[in-house]
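Enquirer: fold the following.
(2 chains)
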Amino acid sequence: MTVLIAAVSGSMGALARYFVSGVVQRVGRSPMPIGTAAVNLSGALFLGLIAGAGVDLTRFWVATVGFLAGFTTFSTWMIETVRLGVLPKPSRVALLNLIVMPVSGVAFAALGYYLAS
Amino acid sequence: MPDHHLPRSAFARRRRHRWAPPLAVLAGGLFGSGVRAAFTFSFPVASASFPWTTLVVNLAGSLFLGLYLARSQSSVLARWSLQFWAIGALGSFTTFSTFSFEVFSMVDTGTWTMAASYVLASTVGGLAAAVLGQRAGRLKR
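Expert: Just a heads-up that it's a prediction; the model follows:
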(Lines give C-alpha, C1' and ligand atoms only; values in the text may rest on other atoms or scores of the structure.)
Protein backbone atom coordinates (compact mmCIF):
# COMPACT_ATOMS: atom_id res chain seq x y z
CA MET A 1 0.00 0.00 0.00
CA THR A 2 2.81 2.39 0.91
CA VAL A 3 4.56 1.68 -2.38
CA LEU A 4 1.31 2.29 -4.26
CA ILE A 5 0.79 5.67 -2.57
CA ALA A 6 4.39 6.66 -3.33
CA ALA A 7 4.08 5.50 -6.96
CA VAL A 8 0.84 7.38 -7.62
CA SER A 9 1.99 10.60 -5.94
CA GLY A 10 5.35 10.29 -7.72
CA SER A 11 3.63 10.08 -11.09
CA MET A 12 1.71 13.29 -10.24
CA GLY A 13 5.06 14.87 -9.39
CA ALA A 14 6.51 13.74 -12.73
CA LEU A 15 3.57 15.31 -14.57
CA ALA A 16 3.94 18.57 -12.63
CA ARG A 17 7.68 18.55 -13.41
CA TYR A 18 6.99 18.06 -17.11
CA PHE A 19 4.79 21.18 -17.23
CA VAL A 20 6.73 23.42 -14.82
CA SER A 21 10.20 22.76 -16.24
CA GLY A 22 8.83 23.11 -19.78
CA VAL A 23 7.23 26.49 -19.03
CA VAL A 24 10.27 27.84 -17.14
CA GLN A 25 12.65 26.77 -19.90
CA ARG A 26 10.45 28.31 -22.62
CA VAL A 27 9.81 31.56 -20.78
CA GLY A 28 13.37 31.95 -19.50
CA ARG A 29 15.03 31.18 -22.84
CA SER A 30 18.37 30.46 -21.22
CA PRO A 31 21.18 28.24 -22.55
CA MET A 32 21.39 26.89 -19.00
CA PRO A 33 18.91 24.14 -17.97
CA ILE A 34 16.84 26.48 -15.78
CA GLY A 35 13.66 24.40 -16.10
CA THR A 36 15.29 21.50 -14.26
CA ALA A 37 16.88 23.92 -11.77
CA ALA A 38 13.46 25.43 -11.03
CA VAL A 39 11.77 22.10 -10.20
CA ASN A 40 14.77 20.78 -8.27
CA LEU A 41 15.26 23.83 -6.08
CA SER A 42 11.55 24.38 -5.40
CA GLY A 43 11.24 20.66 -4.61
CA ALA A 44 14.12 20.93 -2.11
CA LEU A 45 12.44 23.99 -0.52
CA PHE A 46 9.10 22.18 -0.15
CA LEU A 47 10.74 19.07 1.33
CA GLY A 48 12.53 21.30 3.85
CA LEU A 49 9.22 22.98 4.68
CA ILE A 50 7.28 19.78 5.36
CA ALA A 51 10.18 18.19 7.26
CA GLY A 52 10.51 21.35 9.37
CA ALA A 53 6.78 21.31 10.07
CA GLY A 54 7.40 17.94 11.73
CA VAL A 55 4.93 15.72 9.88
CA ASP A 56 4.81 12.14 11.14
CA LEU A 57 5.56 9.07 9.06
CA THR A 58 1.94 8.86 7.96
CA ARG A 59 0.38 8.27 4.57
CA PHE A 60 0.27 12.01 4.04
CA TRP A 61 4.01 12.16 4.56
CA VAL A 62 4.61 9.26 2.14
CA ALA A 63 2.45 10.98 -0.49
CA THR A 64 4.18 14.35 -0.10
CA VAL A 65 7.71 12.95 -0.15
CA GLY A 66 6.73 10.69 -3.06
CA PHE A 67 5.34 13.65 -4.98
CA LEU A 68 8.49 15.73 -4.41
CA ALA A 69 10.79 12.81 -5.29
CA GLY A 70 8.94 12.46 -8.59
CA PHE A 71 8.80 16.23 -9.07
CA THR A 72 12.58 16.61 -8.73
CA THR A 73 15.11 14.75 -10.84
CA PHE A 74 18.75 13.85 -10.49
CA SER A 75 19.27 12.00 -13.78
CA THR A 76 18.12 14.90 -15.99
CA TRP A 77 20.42 17.26 -14.09
CA MET A 78 23.35 14.91 -14.76
CA ILE A 79 22.62 14.45 -18.47
CA GLU A 80 22.16 18.18 -18.96
CA THR A 81 25.51 18.77 -17.28
CA VAL A 82 27.13 16.22 -19.60
CA ARG A 83 25.55 18.03 -22.56
CA LEU A 84 26.99 21.36 -21.42
CA GLY A 85 30.36 19.70 -22.06
CA VAL A 86 32.44 17.68 -19.58
CA LEU A 87 34.88 15.75 -21.78
CA PRO A 88 37.77 16.02 -22.40
CA LYS A 89 37.81 19.21 -20.34
CA PRO A 90 34.74 20.39 -18.39
CA SER A 91 33.29 23.65 -19.70
CA ARG A 92 32.70 26.57 -17.36
CA VAL A 93 28.89 26.29 -17.63
CA ALA A 94 29.00 22.55 -16.90
CA LEU A 95 31.06 23.14 -13.75
CA LEU A 96 28.71 25.95 -12.78
CA ASN A 97 25.69 23.66 -13.17
CA LEU A 98 27.44 20.86 -11.26
CA ILE A 99 28.49 23.01 -8.29
CA VAL A 100 25.72 25.61 -7.95
CA MET A 101 22.88 23.05 -7.93
CA PRO A 102 23.81 20.98 -4.83
CA VAL A 103 24.91 24.08 -2.90
CA SER A 104 21.66 25.92 -3.61
CA GLY A 105 19.64 22.72 -3.14
CA VAL A 106 20.97 22.38 0.42
CA ALA A 107 20.41 26.11 0.99
CA PHE A 108 16.78 25.83 -0.16
CA ALA A 109 16.18 22.72 1.98
CA ALA A 110 17.67 24.55 4.98
CA LEU A 111 15.57 27.64 4.26
CA GLY A 112 12.39 25.58 4.13
CA TYR A 113 13.30 23.68 7.30
CA TYR A 114 14.00 26.78 9.37
CA LEU A 115 11.01 28.68 8.00
CA ALA A 116 8.68 25.87 9.05
CA SER A 117 10.22 24.94 12.40
CA MET B 1 -9.27 29.53 -49.08
CA PRO B 2 -11.18 27.73 -46.32
CA ASP B 3 -9.24 25.72 -43.80
CA HIS B 4 -10.62 22.33 -44.68
CA HIS B 5 -9.06 22.44 -48.16
CA LEU B 6 -5.61 22.48 -46.63
CA PRO B 7 -3.80 19.16 -46.28
CA ARG B 8 -3.63 17.78 -42.78
CA SER B 9 -0.56 19.49 -41.41
CA ALA B 10 1.96 18.24 -38.91
CA PHE B 11 0.53 20.83 -36.53
CA ALA B 12 -2.95 19.32 -36.80
CA ARG B 13 -1.52 15.88 -36.19
CA ARG B 14 0.26 17.16 -33.11
CA ARG B 15 -2.92 18.78 -31.82
CA ARG B 16 -4.77 15.49 -32.18
CA HIS B 17 -2.26 13.82 -29.85
CA ARG B 18 -1.92 16.64 -27.36
CA TRP B 19 -2.96 14.31 -24.54
CA ALA B 20 -0.27 11.75 -25.39
CA PRO B 21 2.93 13.39 -24.02
CA PRO B 22 1.55 14.14 -20.54
CA LEU B 23 -0.01 10.68 -20.41
CA ALA B 24 3.32 9.09 -21.32
CA VAL B 25 5.05 11.14 -18.59
CA LEU B 26 2.37 10.12 -16.06
CA ALA B 27 2.67 6.42 -16.93
CA GLY B 28 6.47 6.56 -16.86
CA GLY B 29 6.35 8.43 -13.56
CA LEU B 30 4.13 5.74 -12.05
CA PHE B 31 6.64 3.08 -13.07
CA GLY B 32 9.77 4.99 -12.03
CA SER B 33 8.34 6.14 -8.68
CA GLY B 34 7.02 2.65 -7.96
CA VAL B 35 10.38 0.99 -8.54
CA ARG B 36 12.19 3.62 -6.46
CA ALA B 37 9.70 3.33 -3.60
CA ALA B 38 9.86 -0.49 -3.65
CA PHE B 39 13.66 -0.31 -3.55
CA THR B 40 14.03 2.33 -0.83
CA PHE B 41 11.34 0.74 1.39
CA SER B 42 13.03 -2.67 1.01
CA PHE B 43 16.34 -1.33 2.30
CA PRO B 44 15.59 1.19 5.03
CA VAL B 45 18.57 3.34 5.98
CA ALA B 46 18.97 4.55 9.58
CA SER B 47 18.56 8.33 9.77
CA ALA B 48 22.15 9.15 10.80
CA SER B 49 23.92 6.74 8.43
CA PHE B 50 25.08 7.11 4.83
CA PRO B 51 22.03 7.24 2.48
CA TRP B 52 23.32 4.67 0.03
CA THR B 53 19.87 3.77 -1.34
CA THR B 54 19.41 7.32 -2.69
CA LEU B 55 22.94 7.22 -4.07
CA VAL B 56 22.35 3.89 -5.83
CA VAL B 57 19.04 5.08 -7.30
CA ASN B 58 20.52 8.36 -8.54
CA LEU B 59 23.64 6.80 -10.07
CA ALA B 60 21.69 3.96 -11.70
CA GLY B 61 19.14 6.42 -13.08
CA SER B 62 21.90 8.60 -14.57
CA LEU B 63 23.52 5.54 -16.14
CA PHE B 64 20.26 4.33 -17.70
CA LEU B 65 19.34 7.83 -18.92
CA GLY B 66 22.72 8.19 -20.67
CA LEU B 67 22.24 4.75 -22.19
CA TYR B 68 18.66 5.43 -23.26
CA LEU B 69 19.38 8.80 -24.87
CA ALA B 70 22.34 7.43 -26.81
CA ARG B 71 20.09 4.69 -28.22
CA SER B 72 16.87 6.62 -28.86
CA GLN B 73 15.78 7.74 -32.31
CA SER B 74 13.56 10.58 -33.47
CA SER B 75 10.11 9.56 -34.64
CA VAL B 76 6.65 10.18 -33.22
CA LEU B 77 6.70 6.85 -31.42
CA ALA B 78 10.22 7.59 -30.17
CA ARG B 79 8.94 10.91 -28.79
CA TRP B 80 6.39 9.11 -26.65
CA SER B 81 9.03 6.61 -25.64
CA LEU B 82 11.27 9.53 -24.63
CA GLN B 83 8.50 11.04 -22.55
CA PHE B 84 7.79 7.69 -20.91
CA TRP B 85 11.35 6.61 -20.18
CA ALA B 86 13.54 9.72 -19.98
CA ILE B 87 11.14 12.27 -18.47
CA GLY B 88 8.63 10.04 -16.68
CA ALA B 89 10.35 6.85 -15.51
CA LEU B 90 14.02 7.79 -15.09
CA GLY B 91 13.19 11.39 -14.16
CA SER B 92 11.07 10.33 -11.22
CA PHE B 93 13.14 7.23 -10.36
CA THR B 94 15.93 9.62 -9.35
CA THR B 95 15.45 12.41 -6.86
CA PHE B 96 17.07 15.75 -6.13
CA SER B 97 14.87 16.87 -3.22
CA THR B 98 15.74 13.83 -1.07
CA PHE B 99 19.42 14.27 -1.95
CA SER B 100 19.35 17.96 -0.92
CA PHE B 101 17.55 17.25 2.33
CA GLU B 102 19.92 14.41 3.24
CA VAL B 103 22.93 16.69 2.72
CA PHE B 104 21.22 19.38 4.79
CA SER B 105 20.63 16.88 7.62
CA MET B 106 24.31 15.89 7.60
CA VAL B 107 25.41 19.53 7.65
CA ASP B 108 22.86 20.25 10.39
CA THR B 109 24.19 17.43 12.61
CA GLY B 110 27.79 18.41 11.86
CA THR B 111 28.81 15.22 10.04
CA TRP B 112 30.80 17.21 7.48
CA THR B 113 32.94 14.34 6.20
CA MET B 114 29.85 12.31 5.37
CA ALA B 115 28.18 15.32 3.72
CA ALA B 116 31.24 16.06 1.57
CA SER B 117 31.73 12.44 0.52
CA TYR B 118 28.01 12.06 -0.26
CA VAL B 119 27.97 15.20 -2.46
CA LEU B 120 31.20 14.19 -4.17
CA ALA B 121 30.03 10.59 -4.77
CA SER B 122 26.71 11.85 -6.16
CA THR B 123 28.03 14.57 -8.47
CA VAL B 124 31.24 12.99 -9.77
CA GLY B 125 29.71 9.52 -9.67
CA GLY B 126 26.55 10.74 -11.42
CA LEU B 127 28.53 12.38 -14.20
CA ALA B 128 30.69 9.28 -14.62
CA ALA B 129 27.58 7.07 -14.71
CA ALA B 130 25.88 9.28 -17.33
CA VAL B 131 28.99 9.34 -19.55
CA LEU B 132 29.47 5.59 -19.11
CA GLY B 133 25.86 4.98 -20.12
CA GLN B 134 26.27 7.20 -23.16
CA ARG B 135 29.45 5.40 -24.21
CA ALA B 136 27.84 1.99 -23.79
CA GLY B 137 24.86 3.15 -25.83
CA ARG B 138 27.05 4.22 -28.70
CA LEU B 139 28.71 0.82 -29.05
CA LYS B 140 27.61 -1.01 -32.16
CA ARG B 141 24.34 -2.87 -31.92
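Enquirer: B:A128: how many residues sit nearby?
Expert: The number of residues packed near B:A128 is 17, by other CB atoms under 10 Å in any protein chain shown. Using the backbone N, CA and C atoms, a C-beta is placed for each residue, glycine as well.
Enquirer: which strand or helix spans it?
Expert: Assigned by DSSP states H and E, B:A128 falls within helix B:112-138.
Enquirer: by contact count, what packs against that helix?
Expert: Packing partners of helix B:112-138 (3 or more CB pairs under 8 Å, 6 or more residues apart in numbering or on different chains; DSSP states H and E): helix A:75-83, helix A:92-116, helix B:52-71, helix B:97-109.
Enquirer: pLDDT of it, averaged?
Expert: Helix B:112-138 carries an average pLDDT of 95.
Enquirer: kindly report the same for stretch A:87-103.
Expert: 93.
Enquirer: list of residues touching it?
Expert: Applying CB atoms under 8 Å, 6 or more residues apart in numbering or on different chains, the contact partners of stretch A:87-103 are A:31-33, A:37, A:40-41, A:77, A:80-82, A:84-86, B:96, B:99-100, B:103, B:119, B:122-123, B:127, B:131.
Enquirer: kindly report the same for stretch B:35-47.
Expert: So stretch B:35-47 is contacted by A:2-3, A:6-7, A:10, A:66, A:69, B:51-54, B:56-57, B:92-95, B:105 (CB under 8 Å, 6+ apart).
Enquirer: can you point out the buried residues in the helix holding B:A128?
Expert: B:114-115, B:118-119, B:122-123, B:125-131, B:133-134, B:137 (16 or more other CB atoms under 10 Å in any protein chain shown).
Enquirer: just stretch B:88-103 next, same as before
Expert: Quick answer for stretch B:88-103 (16+ other CB under 10 Å): B:88-103.
Enquirer: restrict the residues you listed to those near chain A?
Expert: B:88, B:90-101, B:103 (CB under 8 Å from any CB of the partner chain).
Enquirer: any idea which of the residues you listed is closest to A:R26?
Expert: Checking these against A:R26 with CB to CB, the nearest one is B:G91 at 17.8 Å.
Enquirer: which residues does that closest one contact?
Expert: A:A14, A:R17, A:G70, A:T73, A:S75, A:T76, B:G28, B:G29, B:G32.
Enquirer: tell me the buried residues within these.
Expert: Among those, those buried by neighbour count (16+ other CB under 10 Å) are A:A14, A:R17, A:G70, A:T73, A:S75, A:T76, B:G28, B:G29, B:G32.
Enquirer: just the endpoints, please. Distance across stretch B:38-48?
Expert: In stretch B:38-48, first residue to last residue: 21 Å (CA to CA, to the nearest Å).
Enquirer: what residues does stretch B:133-141 touch?
Expert: A:V82, B:S62, B:L63, B:F64, B:L65, B:G66, B:L67, B:Y68, B:L69, B:A70, B:R71.
Enquirer: may I see the ChimeraX selection of the buried members of those?
Expert: Typed into ChimeraX, the line below selects the buried ones among these, using 16+ other CB under 10 Å:
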select /A:82 /B:62,63,64,65,66,67,68,69
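Enquirer: in TSV: the contacts of stretch B:133-141, plus pLDDT and distance to A:V100.
Expert: Below are those laid out as TSV (pLDDT from 0 to 100; distance: CB to CB, whole Å):
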residue	pLDDT	distance to A:V100
A:V82	95	16
B:S62	97	18
B:L63	97	23
B:F64	96	25
B:L65	96	21
B:G66	95	22
B:L67	93	27
B:Y68	93	26
B:L69	92	23
B:A70	90	26
B:R71	87	30
